[in-house]
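>>> 3D model of this:
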Amino acid sequence: MHPYAQWTEANQGSAAPSIFGALPSLPATNPPTALPNTVTFTFTNFKSTIVNSTVIGPQQRTIYRIVTEPTAPACTIFKDNENRNVAMVQWQPHPTVEIHGVASKQRVRDWIRLSSDQSRRVMEVRGVQYAWTPMDGFICLYKAQSLAPRVLARIIRVPNTVTIEMTQDALQGGMLEPCLVATVLLCCGHNID
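Numbers count the residues shown, from 1 in each chain. Below you'll find the model as predicted:
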């Protein structure tokens, strides 16, 4: 089955999907069962777009803020809980991304590129390739070159909330900020290509 077929069929007669230019995923209809040994991060406090949101982590603490100023809508800044800028997406003229200590400024379509068969998006972090793929209503992350891929993180969309669950391996591998940025890019509604 073509990975977009399920997405297209599910959205006929309903609102347009919110990840134009990204990957298909169906909103979770039932509360999903958490992956074992994961840490959950929830994007909250957004009305219509994830590019203005708060990321809540363990113990319901705010750990990041994603800010797109109305006076400068062409730029989205990711700020940690000490108000330091850790990542930035510039939307015009072509979307670019920069993540402090992880990815130098580059086009989004190069950092999280669509595979030739359009079944997944591949990103490179610290020399390792990871793939985001739609699976069972989620967008799941795994190492792209693995012979036995296992889910390292998954994005869950429900009305008014986006959540990402990350394994301890992903967190210890320094994947938190790249995964948060990827989540925003995949769920924001902007054309990232």
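>>> wait, what's in contact with residue 162?
Shown in contact with residue 162 (C-beta atoms under 8 Å, 6 or more residues apart in numbering): 42-43, 50, 53, 155-156, 183, 187. In this view, the C-beta of every residue, glycine as well, is placed from N, C-alpha and C.
>>> where do the helices sit along the protein?
Per DSSP state H, the chain carries helices over the ranges 5-10, 108-111, 168-172, 176-187.
>>> of all those, which lies closest to residue 71?
helix 176-187 (19.8 Å; C-beta to C-beta).
>>> Can I get the closest one as PDB, trimmed to CA atoms?
What follows is helix 176-187, C-alpha atoms only, in PDB (Å, rounded to 0.1, in the frame of the first residue of the first chain):
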ATOM      1  CA  LEU A 176      15.900  15.900  22.100                       C
ATOM      2  CA  GLU A 177      16.300  19.200  20.300                       C
ATOM      3  CA  PRO A 178      16.600  17.700  16.800                       C
ATOM      4  CA  CYS A 179      13.400  15.700  17.500                       C
ATOM      5  CA  LEU A 180      11.500  18.800  18.800                       C
ATOM      6  CA  VAL A 181      12.500  20.800  15.800                       C
ATOM      7  CA  ALA A 182      11.500  17.900  13.500                       C
ATOM      8  CA  THR A 183       8.200  17.600  15.200                       C
ATOM      9  CA  VAL A 184       7.400  21.300  14.600                       C
ATOM     10  CA  LEU A 185       8.500  21.000  11.000                       C
ATOM     11  CA  LEU A 186       6.400  17.900  10.400                       C
ATOM     12  CA  CYS A 187       3.300  19.300  12.100                       C
END
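>>> And the pLDDT at residue 97?
For residue 97, the pLDDT comes out at 97.
>>> got it, and residue 24?
On the pLDDT scale, residue 24 is placed at 50.
>>> Distance of residue 96 relative to residue 44?
As judged by C-beta to C-beta, to the nearest Å, residue 96 and residue 44 stand 26 Å apart.
>>> show me where pLDDT drops low in this protein?
For the chain, applying pLDDT under 70 flags the ranges 1-34.
>>> which residues in it form strands?
Along the chain, counting by DSSP state E, strands occupy 38-44, 53-56, 62-67, 75-80, 85-90, 96-99, 103-107, 112-114, 121-125, 128-135, 138-143, 153-158, 161-167.
>>> how about those strands in CSV, adding distance to residue 191?
Listed next are the strands of the chain as CSV, based on distance: least, C-beta to C-beta, whole Å:
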stretch, distance to residue 191
strand 38-44, 20
strand 53-56, 20
strand 62-67, 18
strand 75-80, 14
strand 85-90, 13
strand 96-99, 13
strand 103-107, 12
strand 112-114, 12
strand 121-125, 13
strand 128-135, 17
strand 138-143, 17
strand 153-158, 18
strand 161-167, 18
